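# Need a 3D model of the following:
(2 chains)
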Amino acid sequence: MGSILSVRDLSKHFRVSKRGLVKAVDGVSFDIEQGEILGLVGESGCGKTTLGRTIKRIYEPDGGRIVFEGRDIAHAGKDELRAYARRAQMIFQDPYSSLDPRMTVAEIVGEGMAIHKLYGPGRIRERTIELLELVGLNSEHASRFPHEFSGGQRQRVGIARALALEPRFLVCDEPISALDVSIQAQIVNLFKRLRDRLELTYLFVAHDLAMVRYIADRVAVMYLGRIVEVAGSDELYRNPAHPYTELLLSAIPIPDPRVEAGREAPGQVPEMASPLEPREGCSFSGRCAYAGEGCATRGGELFELSPGHYVACDAAAKRRR
Amino acid sequence: MSDAILEVSHFGVSFHTYAGEVQAVRDVSFRVSRGEVVAIVGESGSGKSVLTQSLVRLLPDPPARVAAGGRVRFEGEDISGYSFRRLKSVKGSRIAYVFQDPMTSLNPLARIGDQVMEGVVYHGLMGRKRAYAYALELLRDAGIRDPERRMGQYPHELSGGMRQRVMIAIALAMRPALLVADEPTTALDVTTQAQILATLKELNRSRGMSIILITHDMGIVAGIARRVIVMYGGKVVESGSVEEIFERSRHPYTRSLLGSVPRLDADKGRELDFIVGSPPDMLRPPAGCPFSPRCAYAMALCAEHPPAESPVSPTHSSWCWLLHPGAARILESFARRYPDRIGTEAV
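Numbering: from 1, shown residues only, chains lettered A, B, ... in the order given. Below you'll find the predicted structure:
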């Protein structure tokens, strides 16, 4: 299977003041295979949401390419973007603010089909019911308003809306983090089932690493606008190579008192540098326990450590060899 | 027992709203020993925050009304009948709170130093000069490494984790016997979370301060708590030592909650368990066990009659009809036939 999406050297900068420039996404490259779930993790402020939104072309990129099904849509025009909007859809974090409170569920799910003139009104109604059933709701729900639903059900409505245009690719931006623990597993299992059934491809943005490991085939770790490590999800969790990935993994609590009793909390780590500060070299070097002399001036390029496992850390490469 | 710092019995809180009476906390009893870390676990709407805030009436009445008949004993004293004014001597000095959102808990217009010093100066315990030195010490205990600089800063100059540390320093000022930490790390990144939890553990050890930690994250519970209270639909459904809850839980809700969180250190082959349906409508909670509508084991009885406390061990209790002597046989045969049954049904 080939890649459905190739991102090359993608950048998105925000000007926050006369001199302040936040490089939210700073030269990011990766591929997603057809049918794959790529997890994207990192702490708040690392740029993972901006990256997702730039790929969906909610934001205009400042540089680089986004090649989707063979076409570069980074600088595509209106018509091409409209076609892209059908093929690539987005699931948002907050199911409370991402659904219009004055529209019924049927209107929310059917709106895209009407705008893209896919079917006539009768067929749209039928299709809406099919979609609701696909995500675990039913025809009774169609005439209700968002406020009548729980968070998990609202997220299902959001998923049905995204699937209405028969997309091939979904950008899921923290789709479960606003949900209750007992609901998260329902929605994650739904995502997995839909991927298998509809042969979808996901970019799954999240900060819950345990959940990402569970759902994703591969995981990319992002730090201050750059991807610092990419690997198969089991490989990443078993053999993290980048010091930042190590730090993240050591900080995640494990729901087992015996395991927790044997773990040490990560020592005090300096806080994330301001994204406003200019930087050269490895962006993590200021916080890194292994940082050597060269780290502040060079490095930060991804290279292949073992087949399919990429890391942006010179020291990690040396340690491995 | 004499080593209990907090004993709560038959405690209830309801909110009187236009839509009706929301019974947020119903008939809750528990105790916290001196120097103990107790976790109260539950999802949103389980009543865990309302419970702990109502103990010293932090929530205004109306709308939050504490039900008659409940008792709260703190350090051996019955404080449930205290007037609002008398409670003031307890809250803030003997019981301190740290809340989830450090962004809104601090005064944006006051310097960090003044906010840390406020308690001791207000209570007339110290002059400003001594209070300044004391505040430096508190900030250091809360894990802030350059307290001198922080004292002169305003909240907006600090990161979220740093602000939460300031909140902890403020909470420590009156040397409380009990710290209630309500989702203290939910708004923070995992690396910051790990450090804040380590700080809380250290404070528990060095000061012998009891901690009630409210959370929905089973991983955090495993790392810090000695005892666990599981709440669902405004009620306690299970309580026990951390090992008893994680390894020998006797309540279907606790077990499915544990089964629904993926573990970072486990193989990912298995399908995640999940609980069907959604949490109960607290305007019309089920008459019986609050979990019965979602429970894979529920019997007709469960929906109508609330289960009584069933002791499993001297430290472990579960509120579930399956532990009734008459139901035990059914459970065993059922569990033998369907070892993985809980929560694995289709949506």
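# Contact residues of the stretch 101-250 of chain A facing chain B?
Counting by C-beta under 8 Å from any C-beta of the partner chain, the residues of the stretch 101-250 of chain A close to chain B are A:136, A:150, A:152-153, A:180-186, A:188-190, A:207, A:209-211, A:213-214, A:233-234, A:237, A:247-250. From N, CA and C alone the C-beta is placed, and that goes for glycine too.
# Spell out, range by range, the helices that occur in the stretch 1-150 of chain A.
Secondary structure of the stretch 1-150 of chain A (DSSP state H, counting those that start in this stretch): helices at A:48-55, A:78-87, A:105-115, A:121-134.
# Check which residues of the third one are buried.
Read it as helix A:105-115. The neighbour-count check on helix A:105-115 (16 or more other C-beta atoms under 10 Å in any protein chain shown) flags A:105-106, A:108-113 as buried.
# Render the CA-only coordinates of it in CSV, please.
Only the C-alpha atoms of helix A:105-115 are listed here, as CSV (Å, rounded to 0.1, in the frame of the first residue of the first chain):
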residue,chain,number,x,y,z
VAL,A,105,-28.8,16.1,14.4
ALA,A,106,-30.2,15.4,11.0
GLU,A,107,-29.4,18.9,9.8
ILE,A,108,-25.9,18.7,11.2
VAL,A,109,-25.2,15.4,9.6
GLY,A,110,-27.0,16.2,6.3
GLU,A,111,-25.6,19.8,5.8
GLY,A,112,-22.4,18.7,4.1
MET,A,113,-24.2,16.4,1.6
ALA,A,114,-26.5,19.3,0.7
ILE,A,115,-23.7,21.8,0.3
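# and it, how far out from the chain's middle?
Relative to its chain's centre, helix A:105-115 lies at 25 Å (C-alpha atoms, centre = their mean, to the nearest Å).
# In chain A, which residue sits closest to chain B?
A:Pro253 (2.9 Å; C-beta to the nearest C-beta).
# Next up, the contacts around the nearest residue to that residue once chain neighbours are set aside.
Distance criterion C-beta to C-beta, 6 or more residues apart in numbering or on different chains; nearest residue to A:Pro253, sequence neighbours excluded, is B:Gly219 at 2.9 Å. With contact taken as C-beta atoms under 8 Å, 6 or more residues apart in numbering or on different chains, B:Gly219 is in contact with A:210, A:252-255, A:260, B:261.
# which among those gets closest to A:Glu301?
A:Ile252 (27.2 Å; C-beta to C-beta).
# Show me which residues of the stretch 101-250 of chain B are close to chain A?
Near chain A, when you scan the stretch 101-250 of chain B using C-beta under 8 Å from any C-beta, you find B:143, B:145, B:159, B:161-162, B:189-195, B:197-198, B:216-223, B:242-243, B:246.
# low-scoring stretches of the chain, by residue?
All of this refers to chain A. Residues of chain A meeting the criterion pLDDT under 70: A:1, A:265-275, A:277-279, A:299, A:320-321.
# that's the other chain; I wanted chain B
B:1-2, B:267-270, B:328-347.
# what ranges do the strands span in it?
For chain B, the strands defined by DSSP state E occupy B:4-17, B:20-33, B:37-41, B:64-66, B:71-74, B:77-78, B:95-98, B:178-182, B:210-215, B:227-232, B:235-241, B:310-313, B:316-318.
# Please dump the ones you listed into JSON lines; it should also carry mean neighbour count and distance to A:Ser6 for every row.
Shown next, in JSON lines, are those (neighbours: other C-beta atoms under 10 Å in any protein chain shown; distance: least, C-beta to C-beta, whole Å):
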{"stretch": "strand B:4-17", "mean neighbour count": "18", "distance to A:Ser6": "54"}
{"stretch": "strand B:20-33", "mean neighbour count": "20", "distance to A:Ser6": "52"}
{"stretch": "strand B:37-41", "mean neighbour count": "25", "distance to A:Ser6": "44"}
{"stretch": "strand B:64-66", "mean neighbour count": "18", "distance to A:Ser6": "55"}
{"stretch": "strand B:71-74", "mean neighbour count": "19", "distance to A:Ser6": "62"}
{"stretch": "strand B:77-78", "mean neighbour count": "11", "distance to A:Ser6": "68"}
{"stretch": "strand B:95-98", "mean neighbour count": "24", "distance to A:Ser6": "47"}
{"stretch": "strand B:178-182", "mean neighbour count": "24", "distance to A:Ser6": "46"}
{"stretch": "strand B:210-215", "mean neighbour count": "24", "distance to A:Ser6": "41"}
{"stretch": "strand B:227-232", "mean neighbour count": "26", "distance to A:Ser6": "47"}
{"stretch": "strand B:235-241", "mean neighbour count": "24", "distance to A:Ser6": "50"}
{"stretch": "strand B:310-313", "mean neighbour count": "14", "distance to A:Ser6": "56"}
{"stretch": "strand B:316-318", "mean neighbour count": "23", "distance to A:Ser6": "54"}
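# Can you get me a residue count around B:Gly76?
Per other C-beta atoms under 10 Å in any protein chain shown, the neighbour tally for B:Gly76 reads 9.
# A:Gly286 too?
Neighbour number of A:Gly286 under other C-beta under 10 Å is 16.
# how many neighbours does A:Glu166 have?
Around A:Glu166 there are 13 residues (other C-beta under 10 Å).
# Redo the contacts of B:Gly219 as JSON lines? Include secondary structure.
Output for these, formatted as JSON lines (DSSP: H, G, I helix; E, B strand; the rest coil):
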{"residue": "A:Ala210", "secondary structure": "helix"}
{"residue": "A:Ile252", "secondary structure": "coil"}
{"residue": "A:Pro253", "secondary structure": "coil"}
{"residue": "A:Ile254", "secondary structure": "coil"}
{"residue": "A:Pro255", "secondary structure": "coil"}
{"residue": "A:Glu260", "secondary structure": "helix"}
{"residue": "B:Val261", "secondary structure": "coil"}
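# Most neighbours of all those, which one?
Ranking the contacts of B:Gly219 using other C-beta under 10 Å puts A:Pro253 first, with 25 neighbours.
# Nearest to the middle of chain B, which residue? Look it up for me.
For chain B, the residue nearest the mean C-alpha position is B:Ile214 (2.5 Å; C-alpha atoms, centre = their mean).
# Bridged to it, which residues?
B:Ile40, B:Asp182 (DSSP bridges).
# out of the residues of the stretch 101-250 of chain A next to chain B, which are buried?
The buried subset of these - by 16+ other C-beta under 10 Å - is A:136, A:150, A:152-153, A:180-186, A:188-190, A:207, A:209-211, A:213-214, A:233, A:237, A:247-250.
# Need the nearest residue in space to residue 152, chain neighbours excluded.
Picking chain A for this. Using C-beta to C-beta, 6+ apart, the nearest residue to A:Gly152 is A:Ile183, at 3.8 Å.
# meant chain B actually
B:Arg111 (5.8 Å).
# Neighbours of that neighbour, how many?
16.
# Would you agree it is in contact with B:His156?
No: counting by C-beta atoms under 8 Å, no contact exists between B:Arg111 and B:His156, whose distance comes to 11.4 Å.
# residue contacts, A:Lys18?
Residues counted as contacts of A:Lys18 (C-beta under 8 Å, 6+ apart): none.
# Please apply the same query to B:Phe15.
B:Phe15 touches B:21-22, B:24, B:63-65, counting by C-beta under 8 Å, 6+ apart.
# of the residues of the stretch 101-250 of chain B next to chain A, buried ones?
Buried members of those, counted by 16+ other C-beta under 10 Å: B:143, B:161-162, B:189-195, B:197-198, B:216-223, B:242, B:246.
# Mind naming the longest helix for the chain?
I went with chain A, as the question did not name one. Counting by DSSP state H, the longest helix found in chain A is helix A:181-198.
# that's the wrong chain, I meant chain B
Chain B, longest helix under DSSP H: helix B:190-207.
# Now tell me what touches that helix from outside.
The contact list for helix B:190-207 (C-beta under 8 Å, 6+ apart) reads A:43, A:207, A:209, A:247-248, A:250-253, A:265-266, A:268-269, A:271, B:35, B:37, B:141-143, B:159-161, B:164-165, B:168, B:172, B:175, B:179, B:181, B:184-185, B:188, B:209-211, B:213, B:220, B:223-224.
# follow-up on the earlier one: can you redo the strands of chain B as a markdown table with distance to A:Ile159?
What follows is the strands of chain B, written out as a markdown table (distance: least, C-beta to C-beta, whole Å):
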| stretch | distance to A:Ile159 |
| --- | --- |
| strand B:4-17 | 32 |
| strand B:20-33 | 30 |
| strand B:37-41 | 28 |
| strand B:64-66 | 36 |
| strand B:71-74 | 45 |
| strand B:77-78 | 52 |
| strand B:95-98 | 36 |
| strand B:178-182 | 32 |
| strand B:210-215 | 28 |
| strand B:227-232 | 27 |
| strand B:235-241 | 31 |
| strand B:310-313 | 40 |
| strand B:316-318 | 36 |
